[in-house]
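Enquirer: Any chance you can model this:
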Amino acid sequence: RSLLPILLSCAWLALALAFLGLPGWLPFAPLAAPAFAAGALRMAGRRPIDHSMPILETPAGAIPLGLVIWALTGIDIAVLGCLPFLTALTAQQALAGTLAAQAVTGAGVLAAWLWRAVR
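Expert: Below is the predicted model:
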């Protein structure tokens, strides 16, 4: 169920890192791929937009919360699963401990998502 999303997210992340000129970060691509796959699987299973939710009034205009919640569904899991990669990327340091933490976090998020989906 998750093999194709893992392969696609690994390929896209590797291409993005290579295109951005960050070839030293390529070891993170297969380690972050399970977290991206969990986010993609969650996005694929989301319900239609709930237009009955309230509207948030801001100085810039009205924001429908149903659309915001729909758009953020799946991104939250991907960001949570890629926290070690994102922190290493912002600190500009790729350490071996960060690679290990990303491997555990990415696999853990995907395993938790699949365990929840099976139940």
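
Enquirer: Can you report phi and psi for residue 2?
Expert: In terms of degrees, to the nearest 10, the main-chain angles of residue 2 are phi -110, psi 0.

Enquirer: hang on, I meant residue 49
Expert: phi -60, psi 130.

Enquirer: wait, it sits on residue 67?
Expert: Yes: Residue 49 lies in contact with residue 67 (C-beta atoms under 8 Å); the separation is 5.6 Å. From N, CA and C alone the C-beta is placed, and that goes for glycine too.

Enquirer: Which residue is the nearest non-sequential neighbour of the residue sitting nearest the centre point of the chain?
Expert: Ranked by distance to the mean C-alpha position of the chain (C-alpha atoms, centre = their mean), the top residue is residue 78 at 1.8 Å. Excluding its sequence neighbours, the residue lying closest to residue 78 (C-beta to C-beta, 6 or more residues apart in numbering) is residue 39, at 3.0 Å.
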